[in-house]
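[1] need a 3D model of the following:
(chains A and B)
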There are 2 protein chains.
Amino acid sequence: MNRPVDVSTLVAEASAGRPRAVARLISLVEDRSEHVREISAALAPTAGRAHVVGITGSPGVGKSTSTSALVGALRATGRRVGVLAVDPTSPFTGGALLGDRIRMQDHATDDGVYIRSMASRGHLGGLSASAPQALRVFDAAGCDVVLVETVGVGQSEVEISGIADTTLVLLAPGMGDGIQAAKAGILEIGDVFVVNKADREGANTTRRELRTVLSMTDRRPGASTGAGGEWAPPIVMTVATKNDGVDELVEQIDAHREHLEHSGELRRRRSARVRREIEALALTEVQLGFERRRGGLDLERLAEQVLAGRTDPFSAADELLSGL
Amino acid sequence: MNRPVDVSTLVAEASAGRPRAVARLISLVEDRSEHVREISAALAPTAGRAHVVGITGSPGVGKSTSTSALVGALRATGRRVGVLAVDPTSPFTGGALLGDRIRMQDHATDDGVYIRSMASRGHLGGLSASAPQALRVFDAAGCDVVLVETVGVGQSEVEISGIADTTLVLLAPGMGDGIQAAKAGILEIGDVFVVNKADREGANTTRRELRTVLSMTDRRPGASTGAGGEWAPPIVMTVATKNDGVDELVEQIDAHREHLEHSGELRRRRSARVRREIEALALTEVQLGFERRRGGLDLERLAEQVLAGRTDPFSAADELLSGL
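    The predicted model follows:
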């Protein structure tokens, strides 16, 4: 892609809501193009507007369908919506499997909705370094809410929760009981729990088990206890394919946002997110420094010495750093 | 833990196969104790002996049971076996949920088996930086095979495959079809595929679908084509609870090991593993440098500026690095 890039024009167009400019900017920040610093500087003033909602859950629970249903429900309230589909398994932008995204086509002609997918595997610095840049593009485009969904397995679940203001954890009946949820480490990251496919057998069992394991972890499920209090993550039952329960889900997302603002938690979460981002970017710079040094030959020579038992990895790391 | 540490005695005892010394050394390297460099240097000469077998798969496919069954089958061939259970969701060594580990108690009194669990969440440098140290302890203890199993959800699946010589990917009937496997990104990392719970309905369907999606990705399933040739990942059917198919699984693991050695792939994989380890350790040093600087206050101040829109994260990262 050698098209000339005029960053200020692109940012102006994205701010005017032009979908092509939004898409182009996200590609540019994702590819770590030479323009990424200029873009980042141009986006700084509008950053932080949108409410970032992360959507996580095991494969098969209905993440894509739920995302699509949420887009519809949010649009019905007049909000502009961005969707960032993160594919941790693919090094390619666009996502390997288009099938899942087909439902999103319902929204493809709606000019209040921006949908972009983003690869994360193999990206230096991981999601912490790349996703916030994309979120700032959505901010500039005037999105009120950005839904961040992981495509594929939950490798990035914890990472997603580090990026989101509000994290939704989706479960489905028969996909594993409460103990599985506990094992998956998703109890700690969920702000709102969703039992999707709630018309299937076992949905109430799933809810009951989830309630039980949540109560064992000090995260009593129930309604929000209001401003200033602790947030007790609610459990919402949905059938995303029929839009059942999706309006209630939006209400709970909004309630959590309100809680975040009143309690000061929003600022704390965002500060932590930016710290991780800065750190990830700084480490990425160091890593690029390693790679630039004689095309990585140093690292290869050091690895050979470790493999031969002539040195240990800590000493090798010291030598690598000393050369910077 | 302020017990005095005599590294050379511990390493000598571990090399003599004393389980307590093995356990202690793994704790010391995992905790990044002050002795970690000394331990690493002492372990360098014996490193790389054991065949490292990674065991991955979604929650519920039977990873723990399969690991336990594999330990039994490997012990029957007279090999010394190490088990490293990595828990990516817990910051605590020992694993949050003991239930899964109870089956391993069958082997607790066998002095040819070493079992350790290891936390990985929140560890600087992640699995790439911490697991190789633990593997070297198993090497020193004379293990012929080390099984590395992830506890919980597959967040570390790809990381595990980066550490292992041979990666097993476990599936189970009804846990999701071939498309789910493709979405999960596990097709690329599997050297041997296992359909566990093969006595359940749908096992043959799972195998057929797996075969189909593998054939679409240039990874034709079937028997190994022998030395020098390409490795075609086999699909083994098992019922781990009954030890059915587990001997065949061991045969396929051994066949893959032979392939790795003959093809030169073992050396390539291990070299890549050590390069990642050195790099992760070096980056960890840099990160510790950030934290040491006035207790992280710099990073906090920079984050505030980014949040206020007064600077962008790239400029903040530059400033952070310039202070090192």
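[2] my guess is A:Leu127 contacts A:Ser161. True?
    No - judged on C-beta atoms under 8 Å, A:Leu127 makes no contact with A:Ser161 at a distance of 10.5 Å. Any C-beta I mention is one placed from the backbone N, CA and C, and that applies to glycine too.
[3] between the two, which one's more packed in?
    A:Leu127 (25 against 21; other C-beta atoms under 10 Å in any protein chain shown).
[4] quick check: which element contains the more buried one?
    helix A:126-140 (DSSP states H and E).
[5] and the angle for that helix with helix B:126-140?
    170 degrees (axes from the mean of the first three to the mean of the last three C-alpha atoms, to 10 degrees).
[6] for the helix or strand just after helix A:126-140, packing partners?
    Per DSSP H and E, the first helix or strand lying C-terminal to helix A:126-140 is strand A:145-150. Judged by 3 or more C-beta pairs under 8 Å, 6 or more residues apart in numbering or on different chains; DSSP states H and E, strand A:145-150 is in contact with strand A:51-57, helix A:63-76, strand A:81-87, helix A:126-140, helix A:157-163.
[7] now tabulate those in a markdown table and tack on distance to B:Asp298 and mean pLDDT.
    Shown next, in a markdown table, are these (distance: least, C-beta to C-beta, whole Å; pLDDT from 0 to 100):
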| stretch | distance to B:Asp298 | mean pLDDT |
| --- | --- | --- |
| strand A:51-57 | 25 | 92 |
| helix A:63-76 | 38 | 93 |
| strand A:81-87 | 29 | 86 |
| helix A:126-140 | 18 | 84 |
| helix A:157-163 | 20 | 77 |
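[8] could the ones you listed go into JSON lines alongside distance to B:Asp111?
    Below are the helices and strands packed on strand A:145-150 laid out as JSON lines (distance: least, C-beta to C-beta, whole Å):
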{"stretch": "strand A:51-57", "distance to B:Asp111": "43"}
{"stretch": "helix A:63-76", "distance to B:Asp111": "47"}
{"stretch": "strand A:81-87", "distance to B:Asp111": "46"}
{"stretch": "helix A:126-140", "distance to B:Asp111": "41"}
{"stretch": "helix A:157-163", "distance to B:Asp111": "37"}
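[9] export those to CSV and tack on distance to chain B?
    Shown next, in CSV, are the helices and strands packed on strand A:145-150 (distance: least, C-beta to the nearest C-beta, whole Å):
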stretch, distance to chain B
strand A:51-57, 10
helix A:63-76, 10
strand A:81-87, 9
helix A:126-140, 7
helix A:157-163, 7
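[10] quick one: closest of these to A:Gly202.
    Taking C-beta to C-beta, strand A:51-57 is the member of these nearest to A:Gly202, at 16.0 Å.
[11] report the angle between that closest one and strand A:81-87.
    40 degrees.
[12] what strands line up against strand A:51-57, and which way round?
    strand A:145-150 (parallel), strand A:166-171 (parallel) (DSSP bridges).
[13] can I get those strands in TSV including mean pLDDT?
    Shown next, in TSV, are the strands paired with strand A:51-57 (pLDDT from 0 to 100):
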stretch	mean pLDDT
strand A:145-150	90
strand A:166-171	93
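[14] quick one: closest of those to B:Leu43.
    Closest among the strands paired with strand A:51-57, using C-beta to C-beta: strand A:145-150, at 37.2 Å.
[15] please parse chain A into its domains.
    Per automatic domain parsing, the domain ranges recorded for chain A read A:46-274, A:277-322.
[16] wait, a strand at A:Ser117?
    Yes - under DSSP: H, G, I helix; E, B strand; the rest coil, A:Ser117 falls within a strand.
[17] how close does it sit to chain B?
    Between A:Ser117 and chain B the computed distance is 13 Å (C-beta to the nearest C-beta, to the nearest Å).
[18] go on, A:Glu304?
    Applying C-beta to the nearest C-beta to A:Glu304 and chain B gives a distance of 7 Å.
[19] check contacts around that residue.
    B:Ser271 (C-beta atoms under 8 Å, 6 or more residues apart in numbering or on different chains).
[20] element containing it?
    Per DSSP H and E: helix A:297-307 holds A:Glu304.
[21] for whichever helix or strand comes after that helix, list every residue counted as buried.
    Sequence order places helix A:313-322 as the next helix or strand after helix A:297-307, per DSSP H and E. Residues of helix A:313-322 classed as buried: A:Pro313, A:Phe314, A:Ser315, A:Ala316, A:Ala317, A:Asp318, A:Glu319, A:Leu320, A:Leu321 (neighbour count, 16 or more other C-beta atoms under 10 Å in any protein chain shown).
[22] as a markdown table, those residues with pLDDT and distance to B:Ser215 would be great.
    Below are the buried residues of helix A:313-322 laid out as a markdown table (pLDDT from 0 to 100; distance: C-beta to C-beta, whole Å):
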| residue | pLDDT | distance to B:Ser215 |
| --- | --- | --- |
| A:Pro313 | 88 | 39 |
| A:Phe314 | 88 | 44 |
| A:Ser315 | 90 | 46 |
| A:Ala316 | 90 | 41 |
| A:Ala317 | 89 | 42 |
| A:Asp318 | 88 | 47 |
| A:Glu319 | 87 | 45 |
| A:Leu320 | 86 | 41 |
| A:Leu321 | 84 | 45 |
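[23] understood, closing this out.
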